[in-house]
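Novice: only the shape, not the letters, is given here:
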């Protein structure tokens, strides 16, 4: 298997009754036992720009890293509450996520990753989130 491939990503997030679905192009990279999915998404600020997202997928945990308009990191492992952070030009927050569900089903560069978690900002409950990524390797012609 090659070490990287172009992929199409369908990102679905659910929070407070609101569903957001994004179709994105990205890159999948294998390093050791981890698969990295990198993609850019438009920033939601008036300045525009993009945010580079990297999802590090391991056998039983994942990490979401964001760079650009905002900087954040959050790790997810089933049944565990793990620390993270969020920084923007306007604020800085210490966060943690308690993961209730984590489902990783990958076959090469194609597969499905979903997770649900409770997010805490400092020590205060901030909300319940459900995220899924459908990843499809682009076929080379």
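Specialist: That came in fine, so what should we check first? Values in this document were obtained by computation on a predicted structure and should not be read as measured data. Residues are numbered from 1 along each chain as shown.

Novice: biggest strand in this structure by residues?
Specialist: As assigned by DSSP state E, the longest strand anywhere in the chain is strand 92-107.

Novice: low-scoring pLDDT stretches of the protein, where are they?
Specialist: Counting by pLDDT under 70, the ranges of the chain that qualify are 1-2, 44-48, 141.

Novice: name the nearest residue to the residue positioned nearest the centre of it, ignoring sequence neighbours.
Specialist: By C-alpha atoms, centre = their mean, the mean C-alpha position of the chain lies nearest to residue 64, the distance being 4.3 Å. In space, and not counting its chain neighbours, residue 64 is closest to residue 74: 5.2 Å by C-beta to C-beta, 6 or more residues apart in numbering. (Glycine included, C-beta is placed from N, CA and C.)

Novice: hang on, the earlier thing: may I have the beta-bridge partners of the residue nearest to the centre of the chain?
Specialist: Note on residue 64: beta-bridge partners by DSSP bridges are residue 55, residue 74.

Novice: is it true that it touches residue 53?
Specialist: Yes: the criterion here is C-beta atoms under 8 Å, and residue 64 meets it with residue 53 at 6.9 Å.

Novice: in this protein, mark out all the strands, start to finish.
Specialist: Using DSSP E, strands in the chain cover 4-15, 18-31, 34-42, 50-57, 61-68, 71-77, 81-87, 92-107, 110-121, 124-137.

Novice: which other helices and strands contact the third one?
Specialist: Here strand 34-42 is seen to pack against strand 4-15, strand 18-31, strand 50-57 when contacts are counted using 3 or more C-beta pairs under 8 Å, 6 or more residues apart in numbering; DSSP states H and E.
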